[in-house]
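1. What follows is a predicted structure for the sequence shown.
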Amino acid sequence: MDFPLLAEQTLNGIQLGILLFLLAAGLTLVFGIMDFVNLAHGSFYMLGAFFFATFFNLTNSFVLSIFSGLFATLLLGILTDIFGLRNLYSRNHLDQVLATFGLILFFNQLVQVVWPLDGLAIAMPPHLDGLINIGLGIEYPIYRLVIIGSGLFVALSLYLMVTHTRLGMLIRAGASNRTMLGALGVNVKLLFSYVFGLGAALAGLAGMLVTPIISATSGMGEQILILAFVVIVIGGIGSIRGAFIAAIIVGMIDTLGRSFLDVILLVFLPVNAAEAGGPALSSMLIYILMATVLFFRPEGLFPQQKR
Amino acid sequence: MRPNKFSGFNLAGIATILALSAPPALATDPIKIGFVTTLTTGAAVIGKDQQDAVNLAIEQMGAKMGGRNVKVIFGDDELNPQKGKQKTEKLIKRDKVDIVAGYIWSHVLLASVGTVTDANKILISANAGPSQLAGKRCHKNFFNISWQNDQTTMAMGEVLNQRNIKTLYVIAPNYAAGKNMVSGVERTFKGKIIGKDMTKWPTQMDWAAELTKVKSVKPDAVFTFYPGKHGGAFIKQYEQAGLAGKVPLYSVYTIDSIGLPKLQKAGLKAVLGSFMTQFWAPDMDNPQNKKFVAGFKAKHGKYPSFYAAQAYDSMFFIKSAVDAVKGDISNTNAMRAALEKADFPSIRGQFKMGKNHFPIQNFYLRKVEADSEGNWTTTLKNVVLKDHVDPYAKDCNM
């Protein structure tokens, strides 16, 4: 195990963590503030990818497509909230799960009707393609560095927004006591719609960022949504900071498990057992982590204060 | 409401009466063929290709087999063994189909096959060829019209030997077919496998960690198997990781006519010239294949995939047997005997059915190239394995 390999795998882990954070941020806000379980959150990830791929094939501009995609998913999120999900806030979690599961099926089928059955692939923009030498023998794909960079930028902006702006203050107030916030004359419903749209746009951004790597396909959201739920459970529901830290932890554990677990198992297991056990154990690692966190800190690592 | 203990009994009684009073199938009724494939989820594009091929075959035979009309009922397995089994049960019990075909996925087929054979009906796999059903769990009512999973990669192992590959890195999905594919390469490849990653299926779509490992151990070649949408994504990431052109990529069932138009549109030139092994290619030279490829291209404006080719073959396979029994498809013993003869026009030219009901056939080297109109396709090169019998056939006692 040499240094460049370890460093590149660490970057891979961070990159996966960043994507998970973008997805988990919206999920944790919606769950924490509105007490609303949104299984259809992965659909915004998928739709973000499709919007982005469509705009990109039309305009051939990466930045322009990202911004159009963000706007489209934001709008779609707000509309989904106003016309569909708003009525479900007062219902119990099981009803919410059922309704949003229905939305997943609806959106998955919708993209198969609107776009080609096998989804959309886009070419990697030439200036983002290829590898970059970042010293110490580490060669890393430029595009994955772009994902890390833009994700960190969004995380920082989100942090500043939540801690230093009026909207952020209202969001925090909504998370700790909804009724009181309403009594003080704040339009809570509208605030929730904004938060929902913001969450959708963040998930959409994650979908857009992976499109050049994995293409936009129907059902891509559910594959990553489970990991996002693990992230918010570990991080503490409602906590952006918790989501960020947990996402990086989950990303690292998943990547490093896939990279080095079989090598480690080989030390004390025969080849056959290590070959079979490696992939099985590495896909369980994050769930083992989640179970451990739940055992010692049932509220997650950074629980939200409720009053 | 308190549960009434008699209601279940009464319902069962009514069901029995209804079942007894159902009219026996008449020779004038259409023959019903159940076809299970994937029509939703990201793999729907494969199922669609098979569906198109089945419909083309039925159309070309004038929707008649053995003098009776034919009706195909499609079932969607949603790429899920549980759903596949449910749909199979529905086809057998509710739709009362005469014969079942289809199945893309080995794990779905393994979950569903018992439902059909227990009802003493015949199942014809149009893609999945898991080792279990070729060997110990072979069944007199189960036929395969494609290949056994290990065979294609056994041919691949030979190709790697011929090309003097000494060290190989393997990346494949961790499910029934993925394991069979890898064991096939291991059977014939004489060099050393210096790395092996079995990834989560079908959820893992990003291979950053695995490809970084490949870069670090520098093998002579990489072997992979990723069917459907995963294939295109894998090829893309292989190029993005800077491996294309440095470490040659050999694959099976990863690059096909389904993914190629999309890869061509995305300008992924790295895929041109890459090699794979397969039993068939669209340019195979025989009358049935020409009729199939020309008909498919005329209708759908693109090359058919091997999934489509096998689905097309399965319909003519069934027709040959129904013709032989003169439409009496409910006579399972006669049907089975006719299917064992396998006297039908196949897209691979001549066709021979092995004693474990898996084909005995040639495997070829295929290369990705542009055709005369500039469309990317796969073309046949040389024969790698001739009249090959799968390695599990010897374990089958039928």
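-> That came through fine. No experiment lies behind these values; they were computed from the predicted model shown.
2. got the contact list for residue 174?
-> Looking at chain A here, since you left the chain open. When contacts are counted by CB atoms under 8 Å, 6 or more residues apart in numbering or on different chains, A:G174 touches A:33-34, A:181, A:186, A:188, A:191-192, A:195. (Each C-beta comes from the backbone N, C-alpha and C, glycine too.)
3. Not quite, go with chain B.
-> Taking CB under 8 Å, 6+ apart as the criterion, B:N174 is in contact with A:279-280, B:198-201.
4. center of chain B, which residue is that?
-> When CA atoms, centre = their mean is applied to chain B, the residue found nearest the centroid is B:N127 (1.5 Å).
5. burial count for the nearest residue to that one once chain neighbours are set aside?
-> Excluding the flanking residues, the one nearest B:N127 by CB to CB, 6 or more residues apart in numbering or on different chains is B:I104, at 4.7 Å. By other CB atoms under 10 Å in any protein chain shown, the residues close to B:I104 number 28.
6. next one: the one 4 residues further on
-> As a burial measure, the neighbour count of B:V108 was computed by other CB under 10 Å and equals 27.
7. What of A:F295?
-> 8.
8. Can you tell me the element it falls in?
-> helix A:271-296 (DSSP states H and E).
9. related to what we said a few turns ago, what's the closest of the contacts of B:N174 to B:L243?
-> B:T199 (16.3 Å; CB to CB).
10. in terms of contact, does A:I232 touch A:L23 like I think?
-> No. If you go by CB atoms under 8 Å, A:I232 and A:L23 don't touch, sitting 9.5 Å apart.
11. These two: which is more packed in?
-> A:L23 (30 against 27).
12. how far away is the nearest residue to the more buried one once chain neighbours are set aside from chain B?
-> Distances taken as CB to CB, 6+ apart place A:A228 nearest to A:L23, at 4.3 Å, with adjacent residues excluded. A:A228 sits at a distance of 13 Å from chain B (criterion: CB to the nearest CB, to the nearest Å).
13. same check, this time on A:G182
-> Distance from A:G182 to chain B, by CB to the nearest CB: 40 Å.
14. Where does that residue sit, in terms of helix or strand?
-> Going by DSSP H and E, A:G182 is in helix A:178-183.
15. pLDDT on that helix, on average?
-> For helix A:178-183, the mean pLDDT works out to 86.
16. measure the residue nearest to A:L23 to A:L256 for me?
-> 19 Å (CB to CB, to the nearest Å).
17. who's more crowded, those two?
-> Shown here are A:A228 and A:L256; by other CB under 10 Å, A:A228 has more neighbours (28 against 18).
18. Run the angle between the helix or strand where the more buried one lies and helix A:271-296 for me.
-> Mapping A:A228 onto the secondary structure by DSSP H and E places it in helix A:220-235. Helix A:220-235 runs at 60 degrees relative to helix A:271-296, counting by axes from the mean of the first three to the mean of the last three CA atoms, to 10 degrees.
19. following helix A:220-235, which helix or strand comes up?
-> Criterion used, DSSP H and E; the element after helix A:220-235 is helix A:240-268.
20. now that next one, how far from the centre of its chain.
-> 17 Å (CA atoms, centre = their mean, to the nearest Å).
21. what do you get for stretch A:255-271?
-> For stretch A:255-271, the distance to the chain centre is 28 Å (CA atoms, centre = their mean).
22. Run the contact check for that stretch versus chain B.
-> Yes. Using CB under 8 Å from any CB of the partner chain, we find that stretch A:255-271 touches chain B at A:255-256, A:258-259, A:262.
23. most neighbours, which of those residues?
-> A:R258 (28 neighbours).
24. The residue lying closest to that one once chain neighbours are set aside: what's it in contact with?
-> Using CB to CB, 6+ apart and skipping the chain neighbours, the partner closest in space to A:R258 is B:A209 (4.5 Å). Listed by CB under 8 Å, 6+ apart, the contact set of B:A209 reads A:9, A:12-13, A:255-256, A:258-259.
25. Helix, strand or coil: sort out B:M198 for me.
-> strand (DSSP: H, G, I helix; E, B strand; the rest coil).
26. Just give the nearest non-adjacent residue to it, would you?
-> B:N174 (3.8 Å).
27. repeat for B:S183
-> In space, B:S183 is closest to B:D150, 5.9 Å off (CB to CB, 6+ apart).
28. ok, now which ones touch that neighbour?
-> B:131, B:180-181, B:183-184, B:187, B:390-392.
29. Using the three-state scheme, assign it.
-> helix.
30. Distance of it relative to B:G129?
-> 8 Å.
31. List the residues that are in contact with both of the two.
-> B:180, B:390.
32. Quick one: low-confidence residue ranges for the stretch 201-307 of chain A.
-> A:305-307 (pLDDT under 70).
33. which bits of the stretch 201-350 of chain B sit near chain A?
-> So far as CB under 8 Å from any CB goes, the stretch 201-350 of chain B lies against chain A at B:202-206, B:208-210, B:212-213, B:215-216, B:229, B:232-233, B:236-237, B:240-242, B:258-259, B:262-263, B:265-268.
34. 6 Å instead?
-> Residues of the stretch 201-350 of chain B lying close to chain A by CB under 6 Å from any CB of the partner chain are B:203, B:205, B:208-209, B:212, B:216, B:229, B:233, B:240, B:242, B:262, B:266-267.
35. and which of the contacts of B:A209 is nearest B:L123?
-> A:R258 (36.4 Å).
36. So the closest one is in contact with A:S282, correct?
-> Yes. Using CB atoms under 6 Å, A:R258 is in contact with A:S282, at 5.0 Å.
37. per-residue confidence for B:L20?
-> So, for B:L20, pLDDT stands at 46.
38. quick revisit: can you give me every residue that contacts the residue nearest to A:L23?
-> Contact analysis of A:A228 by CB atoms under 6 Å, 6 or more residues apart in numbering or on different chains lists A:20, A:23-24, A:27.
39. Looking at those residues, which are in helices?
-> A:20, A:23-24, A:27 (DSSP state H).
40. beta partners for the residue of the stretch 51-200 of chain B found nearest chain A?
-> Closest to chain A within the stretch 51-200 of chain B is B:M198: 4.3 Å, counting by CB to the nearest CB. Per DSSP bridges, the residues bridged to B:M198 are B:A172.
41. most neighbours, which of the contacts of B:N174?
-> Neighbour counts for those peak at B:T199, which has 25 neighbours (criterion: other CB under 10 Å).
42. Quick check: chain neighbours aside, which residue is closest to it?
-> Using CB to CB, 6+ apart, the nearest residue to B:T199 is B:P173, at 5.6 Å.
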